[in-house]
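**Student:** With the input below, show me the fold.
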Amino acid sequence: NNKVSSPFTFVTRQTSTHLEAEANREVGTTQHTDDETRRKFIAQASLFAFASTTTTTAFPLVSHAAADSEEYRRTQKDFAYTFVPPPNFETTQKPVKTHLDEINFKSASTKGYQIGITVDPVRIKSLKEFGTPAEVAARVVTAEVNRDGVFDVTLTEDAVEDPETGAYEINYLSSGKRGNKHFLAYVNISNGKLYVLTGQVKEEDYKEKKSELVASARSFRIISP
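**Tutor:** Numbering: from 1, shown residues only. Okay, the predicted model is just below:
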């Protein structure tokens, strides 16, 4: 078992930079975007190499998404994906657009239990160009703790790569003014698009919801438009 013996906790606040600006800096271009949402932080953080000692962790098995949930399919001109939300989830609308594309889902029965999926253009080919899952997770956690009202953030499990899709799965706990929330980020890049699925649930509900949340995240698939 190569898991670390204790979780990583990051409490140092750092100035964050924007997703597209950092991604495109690698190829000599500069763009400006806003960072109003957590998924923007996760997206930007996914695009850094972070020097650290890493371990190799097998991608753990988990049951498939609930059979009583229907597959959600999103198809646009230059991207498309599918995923299976947990049972009793419904789509919600966001009034301000901060990504190329953004879809949000929330539980009809559990307050604070939700999933968001964003798509943004980038000029890189893969996450591996910017580091291992552990390296990217370190940046994700650092970006999260930099948010207003967040006291500390703990990476609760080793970050892992899905061997089938190449996506990185990052699981962490955020503690702050609004309580303790558990987050699961599932990040991938394909054909010049960065896909970020972020699930969140209150810590007190996480044990009950973990299996279906993880199964839902791992059901995410990028497909041909």
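**Student:** any idea which helix or strand of the chain has the worst average confidence?
**Tutor:** When the helices and strands of the chain are scored by mean pLDDT, DSSP states H and E, strand 8-10 comes last with a mean of 28.
**Student:** longest strand in the protein, by residue count?
**Tutor:** Across the chain, the longest stretch assigned as strand under DSSP state E is strand 179-190.
**Student:** tell me the mean pLDDT over that one?
**Tutor:** The average pLDDT within strand 179-190 is 95.
**Student:** Can you spell out which helices and strands pack onto the helix or strand following that strand?
**Tutor:** Counting by DSSP states H and E, the element after strand 179-190 in chain order, helix or strand, is strand 193-202. Judged by 3 or more CB pairs under 8 Å, 6 or more residues apart in numbering; DSSP states H and E, strand 193-202 is in contact with helix 38-45, strand 114-121, strand 179-190, helix 203-218. All C-beta atoms are positioned from the backbone trio N, CA, C, and that covers glycine.
**Student:** low-confidence ranges in this protein?
**Tutor:** Residue ranges of the chain with pLDDT under 70: 1-68.
**Student:** quick check: angle from the longest strand of the chain to strand 193-202?
**Tutor:** For strand 179-190 against strand 193-202, the angle by axes from the mean of the first three to the mean of the last three CA atoms, to 10 degrees is 160 degrees.
**Student:** Which of the helices and strands packed on strand 193-202 sits closest to Tyr72?
**Tutor:** strand 114-121 (8.8 Å; CB to CB).
**Student:** same for the longest strand of the chain, what does it pack against?
**Tutor:** Applying 3+ CB pairs under 8 Å, 6+ apart, we find strand 179-190 packed against helix 38-45, helix 133-145, strand 168-176, strand 193-202, helix 203-218.
**Student:** quick check: angle from it to helix 133-145?
**Tutor:** With the same axes, to 10 degrees applied, the angle from strand 179-190 to helix 133-145 works out at 130 degrees.
**Student:** wouldn't Thr124 be in contact with Phe130 here?
**Tutor:** That one is not Thr; residue 124 is Ile. Yes: using CB atoms under 8 Å, Ile124 is in contact with Phe130, at 7.2 Å.
**Student:** With neighbour numbers in mind, choose between the two.
**Tutor:** Phe130 (20 against 17; other CB atoms under 10 Å).
**Student:** Phi first, then psi, for that one.
**Tutor:** phi -110, psi 0 (degrees, to the nearest 10).
**Student:** Could you measure from it over to Ile189?
**Tutor:** Distance of Phe130 to Ile189, given as CB to CB, to the nearest Å: 9 Å.
**Student:** Please identify every residue contacting each of these two.
**Tutor:** Counting by CB atoms under 8 Å, 6 or more residues apart in numbering, the contacts common to Phe130 and Ile189 are Ile124.
**Student:** Show me what the closest residue to Thr91 other than its chain neighbours bridges to in the sheet.
**Tutor:** In this structure, Thr91 finds its nearest non-sequential neighbour in Phe105, 5.7 Å apart by CB to CB, 6 or more residues apart in numbering. Under DSSP bridges, the beta-bridge partners of Phe105 are Thr91, Ile115.
**Student:** give the contact list for Phe105.
**Tutor:** Going by CB under 8 Å, 6+ apart, Phe105 touches 72, 85, 89-92, 114-116.
**Student:** Same list (these) but as a markdown table, adding distance to Thr156 and neighbour count.
**Tutor:** As requested, these are arranged in a markdown table below (distance: CB to CB, whole Å; neighbours: other CB atoms under 10 Å):
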| residue | distance to Thr156 | neighbour count |
| --- | --- | --- |
| Tyr72 | 27 | 19 |
| Pro85 | 22 | 25 |
| Phe89 | 23 | 22 |
| Glu90 | 27 | 10 |
| Thr91 | 28 | 10 |
| Thr92 | 26 | 11 |
| Gln114 | 19 | 17 |
| Ile115 | 18 | 25 |
| Gly116 | 20 | 21 |
